[in-house]
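A.B. asks: Got a predicted structure here, sequence first:
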Amino acid sequence: LSSFASSHFFGHYFIQPVAPLSVIAAIELDHRWQSRVRRWAIGLTALPAIGFFGFNLVFEPLTEQLGAPVPDFPEVADWIRQHTRHEDRIFVWGNFSPLYVLSDRLPASRFVGFMRGAERNRNAAPETGWDTGPEVWPALAADFADHPPALVIDTASADYMSFGHYPIQRFPEVAALLRAYERVAVVDGVTMYAIRATRGGSH
């Protein structure tokens, strides 16, 4: 009940009740350790374990799809490193902040993810996101002015973390910030935009 109370199931939700339920189950099994109870315990443990194992064989967590190929995000991070300098800042549109770490580049904005906690796989309205409200966009524009990103990395085009419902064009304030940028590459479905004024030999 604690895992499913919010009507959707994130992979980390089940962690909280696992420890107390395991302790309670161990105490109860210790008191009732007959062969019949043992068989039931083994069966009830094995069934979900086998089920989740099979599910994980076909579920791709980044795009949150069944049977989808695993995105090559290390290739994306390599491309970013090869086309920017260490002191350059980057901006990742979507909800995949590991790209900052993997590419070893600082974020150009205080906002390192969007639509966090929202039901992106159900195309939740952007207005429902705490990090996509109207007060966010002036702050994002100020960040772009203070630290213009050398690259804007659009993970929506690759549907990382169910962000395919939220292309940049859906957000006029973000699209306006890209007027100084142009698309320069698509790496494993992720679209790269480089600032026109600084393109050239340094990148």
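C.D. replies: Arrived safely, thanks for sending.
A.B. asks: quick one: contacts for I195?
C.D. replies: P148, P149, A150, L151, A180, Y181 (Cβ atoms under 8 Å, 6 or more residues apart in numbering). Bear in mind the C-beta positions are built from the backbone N, C-alpha and C, glycine included.
A.B. asks: which residues touch the fourth one?
C.D. replies: It stands for L151. I80, H83, T84, D88, I90, F91, M192, Y193, A194, I195 are the contacts of L151 under Cβ under 8 Å, 6+ apart.
A.B. asks: pLDDT weak spots in this structure?
C.D. replies: Residue ranges of the chain with pLDDT under 70: 1-4, 6-13, 34-35, 62-65, 68-72, 197-203.
A.B. asks: ok, and the closest non-adjacent residue to A185?
C.D. replies: Leaving aside its sequence neighbours, A185 sits nearest to M192 (Cβ to Cβ, 6 or more residues apart in numbering; 4.3 Å).
A.B. asks: would you say the one you found is within a strand?
C.D. replies: Yes. Secondary structure of M192 (DSSP: H, G, I helix; E, B strand; the rest coil): part of a strand.
A.B. asks: That one pairs with what?
C.D. replies: I153, A185 (DSSP bridges).
A.B. asks: burial count for it?
C.D. replies: Per other Cβ atoms under 10 Å, the neighbour tally for M192 reads 21.
A.B. asks: can you check F14 too?
C.D. replies: 14.
A.B. asks: Kindly provide the distance from it to D159.
C.D. replies: F14 sits at a distance of 25 Å from D159 (criterion: Cβ to Cβ, to the nearest Å).
A.B. asks: now A5
C.D. replies: From A5 to D159 the distance is 27 Å (Cβ to Cβ).
A.B. asks: who has more neighbours, the two?
C.D. replies: Higher neighbour count among A5 and D159: D159, with 22 against 8, using other Cβ under 10 Å.
A.B. asks: how about that one, phi and psi?
C.D. replies: Backbone torsions for D159, taken as degrees, to the nearest 10, come to phi 60, psi 30.
A.B. asks: where's it relative to A145, distance?
C.D. replies: The value you get for D159 to A145, if Cβ to Cβ is used, is 30 Å.
A.B. asks: go on, A185?
C.D. replies: 25 Å.
A.B. asks: Looking at those two, which one has more neighbours?
C.D. replies: Taking other Cβ under 10 Å, A185 and A145 do not tie; A185 has more neighbours (13 against 9).
A.B. asks: isn't the more buried one right up against V76?
C.D. replies: No. Taking contacts as Cβ atoms under 8 Å, A185 lies outside contact range of V76: 9.9 Å.
A.B. asks: top of the contacts of L151 by neighbour count?
C.D. replies: That'd be F91 among those, by other Cβ under 10 Å, with 27 neighbours.
A.B. asks: Quick check: closest non-adjacent residue to that one.
C.D. replies: Using Cβ to Cβ, 6+ apart, the nearest residue to F91 is P149, at 4.0 Å.
A.B. asks: what's the helix or strand for that neighbour?
C.D. replies: P149 is located outside every helix and strand, with elements delineated by DSSP states H and E.
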